[in-house]
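Trainee: sequence first, then the predicted structure, then my questions.
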Amino acid sequence: MMSLSRPHVSGQELTSRAQHRSTSIGQVKAIGTKNRSLRGIAGGAALLSSAPSFASETFIKSRSKSSRGKTISTRVMEPVAVEPDVSVEVSEPYTGSSGEPMTKVTFSIERETEFGSHLNIIGAHPCLGAWDIADSVPMDWVEGVRWEVTVELPQLELIEYKYVVRYGWDPEGYSIWQGGPNYMLATNQSHEIAVRDKWVSEDWPSDHPAVTAASAAVAIYAQEHPKPPFRVPDKTSLIPKWAEDSVFYQIFPLGFFGAPSLNIGDEAPMVPRLALIAKHLDFLQELGVSAVYFSPLFESDTHGYDTADYFEIDRRLGDKALFRKVVKQCHARGIRVVLDGVFNHTGRRHFAFRDLQEKGPDKSEYANWYIVGARTEDYEGWCDVTYGEHGFSYDCWEGHAMLPRLNLAEPAVREHIFEVARYWLVEMGIDGWRLDVAHEISPDFWREFRAVCDAVAPDSLLVGEMIHGNYNAWVGNDRLHTGTNYQLSKAMWSSLNDHNFDELATALLREEKLYSGLTLLNFIGNHDVARIASTLQDPAHFTHVSALLMFLPGLPCLYYGDELGMEGRPGEGDDPHCGGDDAMRRPMLPPVADESWPAVAEERLAMTKRLVQIKKSNVAFQTGVMDMKKLSHTDEQFIFIREAKEQKAVVLLNSANHDVEPWPEVAIPTSVAPEGAVFKDIFNGPAAGGGGDLPASFTVTNGMLYLGPCPANSVKVLVYDVPKPVKKVLQTAAVQPKLVPPTQASIV
């Protein structure tokens, strides 16, 4: 792992849990008598600061109702005690994923950090890591120096906690613990609590009364209010069974089929370009594609993301009858179909916005469908009204006036979107949705959307476009199934360009910590980013980045034409309606080789087919887990292990332009494979469709697996199939025939 020099900081710097325990937890000392227990804390929300001079500011948002029916909103700076005779009428308790009443607590703190560092919150409760820094909760950077995270904590609990700055994601890496005494939080029956803390740098002696007070208070409260051990809930987000071993293939249809970038309107003729997909189905099936994800197909004005009608196919591509036929053709070959749903915004030609433009916000029944203002400075979009003197401003996506943002808080808008979801799942038979800019839409909206889709198509898949933020907010068993893994995508190719596999290892450590329960959609190219052929500095690394795409945990998604070496970067296009992005959305090459294919096309296609076949035929690369403790890497070599019950796999990448000898070797614990286990190389050699004279098998010796020789720019994929247990056959004693004496008649 990359080492970081230890910067000079003022205040308390603790790098071991033992040091922290002696300073922050301290010894529990009696505070008065037992009768001075923290009576009433559970009845009202309170934050108890051990040091008044460093008290936290807590804003408690309670959805509970008092007996007068008013919402409680309290700012607490000092300990609060609620008299036991105060009656509080509470709403139905929020039950979290643990199955018991929980409160969503949002912690916020300001602290300057250096590049590569991040803030975590840690505490005594298992939900906060039980003082184990490896299990502490990462916070999200919000803006400036402010960090924030929302954690579900049990109701009626007294919890002590602290903040820590971590450098990188290595559990043994350098960290800076906050000074001063621990904070304490008392949760009540509120659904939500917001806490704003202040960073403390000063070093406090371990025997200071304020330092020992927090632990003492928690101990007394636990003694007075005993509870069974808390079980941290499993946060695994399940995906439909069919998706577990699927290989996705993204098609940007307007580009793939060579449609014009401008839709001239309602009078334009329908052109059945979608029918051309039939010529590519053999190609897709031979490639090993399991699911096609179509970028926007709905009626739009330009690039497809400015939707005019959610219930019609874009006339530049075909109509619903043709699309229904395409779905049936794909299903007949075992290929699923996923559509792109753009539900954050529409185009200006959408019926609701057209009505708003014609009548104005004061007369249109769709005024609440969008977010509008009266002044030009209110929002970035401006629209003149057809039948009126005054126009209106409106919110639009990233300042693009052609993309007015929908008001998803409006029930009529939500129902419109839900009806769209139902229609294409039921009437057209699609298998799921890819949801545009899902991270910009409230997770609560996606909860409703998920319920709608599950009700009509329980096996459907929901993929959210995730770029920023903590994906756990949007992905879960009651929200989206998965999200686009932008945060890993960059590391897969830039670690090769920079000859720095530490970047990839760090990204995977971060992913293991943040998203261990999620199965994310991995990619190395799409319609918004440079094609991988244009990104890689060394063409020989195409095999390496493709192997990472197929063999790392997650759902791999190919972008059309990447398997043939198509090129293109943002800004290189010349179409004014696409902002230069048409360079990554050019027409697909013919499915059969001809002079239009790049020189590398046939080699890359064969390589991609081989990698896809390995992915789909080996369970270790479908459901196998990856333990980062077993990862091994240098700047130009990378080894990781995938483990399923039935099979173990080892993947080696050498991105150097020279042979490596005697490295590499990797430790194989007995939990992975026993001594003497034989791993077979299923990527190289004649039997694997490769070539050369590399060894075909490797044996675990003294707990190690030596993987050499390792040629320049090579990839090895080794698998060990766990022997099936031999069923014991119960041996039964032979039954001796019973001798019957002969009858008189039988005697001759």
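Mentor: Cool, the structure landed.
Trainee: thought N472 was touching E511?
Mentor: No - contact criterion CB atoms under 8 Å: N472 and E511 do not qualify, at 11.6 Å. Where you see a C-beta, it was placed from the backbone N, CA and C, and this is true even at glycine.
Trainee: what about those two, which has more around it?
Mentor: Taking other CB atoms under 10 Å, N472 and E511 do not tie; E511 has more neighbours (23 against 20).
Trainee: can I assume the more buried one sits in a helix?
Mentor: Yes - counting by DSSP: H, G, I helix; E, B strand; the rest coil, E511 is found in a helix.
Trainee: touching, it and A491? I think so.
Mentor: No - checked against CB under 8 Å, the pair E511 and A491 is beyond contact range at 9.3 Å.
Trainee: any low-confidence regions in the stretch 601-748 of the chain?
Mentor: Scanning the stretch 601-748 of the chain for pLDDT under 70 picks out 663, 685-694, 728-748.
Trainee: swap in 50 and give it another go.
Mentor: 744-748 (pLDDT under 50).
Trainee: which stretches of it form strands?
Mentor: 632-633, 637-643, 647-654, 665-667, 678-681, 697-699, 704-706, 714-721 (DSSP state E, counting those that start in this stretch).
Trainee: list of residues touching the shortest one?
Mentor: Counting by CB atoms under 8 Å, 6 or more residues apart in numbering, strand 632-633 makes contact with 501-502, 504-505, 638-640, 664, 666-667, all of which sit outside it.
Trainee: try it again with 10 Å
Mentor: Residues outside strand 632-633 that contact it (CB atoms under 10 Å, 6 or more residues apart in numbering) are 1, 495, 500-502, 504-505, 508, 638-641, 650, 652-653, 663-667, 707.
Trainee: residues touching K513, list them.
Mentor: Residues in contact with K513 (CB under 10 Å, 6+ apart) are 120, 134-138, 166, 169, 171, 628.
Trainee: 7 Å - rerun?
Mentor: Neighbouring residues of K513 by CB atoms under 7 Å, 6 or more residues apart in numbering: 138, 169.
Trainee: so how far is R642 from H633?
Mentor: To R642, H633 is 15 Å away according to CB to CB, to the nearest Å.
Trainee: counting neighbours, go ahead and name the busier of those two.
Mentor: Taking neighbours as other CB under 10 Å, H633 and R642 compare with R642 leading, 24 against 19.
Trainee: so how far is F230 from V385?
Mentor: Counting by CB to CB, the gap from V385 to F230 is 58 Å.
Trainee: looking at these two, which has the bigger crowd around it?
Mentor: Neighbours per residue, other CB under 10 Å: of V385 and F230, the larger number sits with V385, 18 against 15.
Trainee: confirm L462 sits in a helix?
Mentor: No - counting by three-state DSSP, one finds L462 to be strand, located in no helix.
Trainee: tell me where this protein is predicted with low confidence.
Mentor: For the chain, the ranges with pLDDT under 50 are 1-91, 744-748.
Trainee: hmm, 80 instead?
Mentor: Regions of the chain meeting the criterion pLDDT under 80 cover residues 1-100, 233, 265-267, 374-390, 574, 576-580, 661-664, 685-695, 726-748.
Trainee: now do the helices in this structure.
Mentor: Counting by DSSP state H, the chain has helices at residues 17-20, 209-224, 253-256, 281-287, 320-332, 351-359, 411-426, 443-456, 486-497, 501-515, 532-535, 542-551, 601-617.
Trainee: so which of those is the most surrounded?
Mentor: Compared across the helices of the chain, helix 253-256 shows the largest average neighbour count, a mean of 26 (mean count of other CB atoms under 10 Å).
Trainee: what is the end-to-end distance of stretch 462-477?
Mentor: Stretch 462-477 has an end-to-end distance of 11 Å (CA to CA, to the nearest Å).
Trainee: residues in contact with that stretch?
Mentor: 140, 237-238, 338, 432-439, 443, 446, 450, 453, 480-484, 486, 514-515, 518, 520-521.
Trainee: buried ones among those residues?
Mentor: 140, 237, 338, 432-439, 443, 446, 450, 453, 480-484, 486, 514-515, 518, 520-521 (16 or more other CB atoms under 10 Å).
Trainee: any common contacting residues for E511 and A491?
Mentor: In contact with both E511 and A491: no residue, using CB under 7 Å, 6+ apart.
Trainee: and S460, what does it touch?
Mentor: Applying CB under 7 Å, 6+ apart to S460 gives the contacts 425, 431-432, 453.
Trainee: how about JSON lines for the residues you listed, with distance to D721 added?
Mentor: JSON lines is the format used below for the contacts of S460 (distance: CB to CB, whole Å):
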{"residue": "L425", "distance to D721": "38"}
{"residue": "D431", "distance to D721": "31"}
{"residue": "G432", "distance to D721": "32"}
{"residue": "C453", "distance to D721": "37"}
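Trainee: of those residues, which pair is most distant in space?
Mentor: Using CB to CB, those reach their maximum pairwise distance at D431 and C453, which is 10.7 Å.
Trainee: mind listing what D378 touches?
Mentor: D378 neighbours (CB under 7 Å, 6+ apart): S393.
Trainee: what do you get if the cut-off is 10 Å, keeping everything else the same?
Mentor: Neighbouring residues of D378 by CB under 10 Å, 6+ apart: 371-372, 392-395.
Trainee: over to F311?
Mentor: When contacts are counted by CB under 10 Å, 6+ apart, F311 is found next to 298-299, 320, 419-420, 423-424, 427.
Trainee: roughly how far does L549 sit from S489?
Mentor: For L549 relative to S489 (CB to CB), the value is 9 Å.
Trainee: shared neighbours of those two, which are they?
Mentor: 522-525, 532.
Trainee: what is the most widely separated pair among these?
Mentor: It's N522 and I532 that sit farthest apart of the shared contacts of L549 and S489, by CB to CB, at 12.5 Å.
Trainee: common neighbours of the two, please.
Mentor: By CB under 10 Å, 6+ apart, N522 and I532 have these common neighbours: 489, 492, 549.
Trainee: how far away is the second one from F679?
Mentor: To tie it back to what came earlier, the one meant is M492. Taking CB to CB, one finds M492 at 24 Å from F679.
Trainee: do the last one as well
Mentor: With distances defined as CB to CB, the gap from L549 to F679 amounts to 22 Å.
Trainee: now do the shared contacts for N472 and E511.
Mentor: Common neighbours of N472 and E511 (CB under 10 Å, 6+ apart) are L518.
Trainee: on that earlier part again, let's have the helices of the chain in a markdown table, adding distance to D309.
Mentor: Formatted as a markdown table, the helices of the chain follow (distance: least, CB to CB, whole Å):
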| stretch | distance to D309 |
| --- | --- |
| helix 17-20 | 59 |
| helix 209-224 | 59 |
| helix 253-256 | 15 |
| helix 281-287 | 27 |
| helix 320-332 | 11 |
| helix 351-359 | 7 |
| helix 411-426 | 10 |
| helix 443-456 | 20 |
| helix 486-497 | 30 |
| helix 501-515 | 36 |
| helix 532-535 | 34 |
| helix 542-551 | 35 |
| helix 601-617 | 36 |
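Trainee: looking at these, which is closest to D266?
Mentor: It's helix 351-359; of the helices of the chain, that one is closest to D266 (CB to CB) at 11.2 Å.
Trainee: from the contact counts, what lies against the closest one?
Mentor: Where contact means 3 or more CB pairs under 10 Å, 6 or more residues apart in numbering; DSSP states H and E, helix 351-359 is packed against strand 307-313, strand 381-383, strand 392-394, helix 411-426.
Trainee: again, only this time at 7 Å
Mentor: Applying 3 or more CB pairs under 7 Å, 6 or more residues apart in numbering; DSSP states H and E, we find helix 351-359 packed against no helix or strand.
Trainee: would you confirm that P272 contacts K320?
Mentor: No - judged on CB atoms under 7 Å, P272 makes no contact with K320 at a distance of 11.8 Å.
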